[in-house]
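>>> below are the sequence and a predicted model; questions follow.
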Amino acid sequence: MNPYLLEERVATVADGRDLADTARARLAAHKATADACRARTAERRSELERVLAGYDGAHDALDLMLELDALERVQDRIDQRLSELCDALSEPRTPRYGDAQPV
């Protein structure tokens, strides 16, 4: 998912005044996880480029490729969960009564 569009979505949800503290905490935790995964992916990609260019022999290229592959797959899942949370937190809350009918 495009990280800039996701960032804009999170910002619009986070600015909601009626958002409970627990919802804000969940949103912040999801966003921090997405950001950390994106940063780690960028670090591993740089390391891999250095290793494959012959500048850094301290790491095994295959291990870096496997970790990078796993991070990229996980990033998609994390972004999807964050997107779903944004959807859930931005849905209008219509009060319901015993007959499950909106007001």
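Nice, I can see it. Every value quoted in this text rests on a predicted model; they were computed, and no experiment measured them.
>>> now do the helices in this structure.
Here the chain has its helices, by DSSP state H, at 3-14, 21-52, 61-90.
>>> now the ones you listed in a markdown table, with mean pLDDT and mean neighbour count?
Using the backbone N, CA and C atoms, a C-beta is placed for each residue, glycine as well. A markdown table is the format used below for the helices of the chain (pLDDT from 0 to 100; neighbours: other C-beta atoms under 10 Å):
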| stretch | mean pLDDT | mean neighbour count |
| --- | --- | --- |
| helix 3-14 | 85 | 14 |
| helix 21-52 | 93 | 15 |
| helix 61-90 | 93 | 15 |
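>>> which residue sits closest to Asp56 in space, ignoring its chain neighbours?
In space, and not counting its chain neighbours, Asp56 is closest to Arg50: 4.2 Å by C-beta to C-beta, 6 or more residues apart in numbering.
>>> ok, Asp79 next?
Spatial nearest neighbour of Asp79, excluding adjacent residues (C-beta to C-beta, 6+ apart): Met1 at 4.0 Å.
>>> give me the spatial nearest neighbour of the most centrally placed residue in the chain, chain neighbours excluded.
Closest to where the C-alpha atoms of the chain average out (C-alpha atoms, centre = their mean) is Ala34, at 2.9 Å. Nearest residue to Ala34, sequence neighbours excluded (C-beta to C-beta, 6+ apart): Ile78, at 4.9 Å.
>>> likewise for Lys31?
Val10 (5.4 Å).
>>> residues contacting that neighbour?
27, 31, 82, 86 (C-beta atoms under 8 Å, 6 or more residues apart in numbering).
>>> of all these, which two lie farthest apart?
Across these, the longest distance by C-beta to C-beta is 9.6 Å; it joins Lys31 and Cys86.
>>> for Asp56, give me the backbone phi and psi.
Torsion angles at Asp56 (phi, psi; degrees, to the nearest 10) stand at phi -130, psi 110.
>>> correct me, but it touches Ser46?
No: Asp56 is not in contact with Ser46 according to C-beta atoms under 8 Å; the separation is 9.9 Å.
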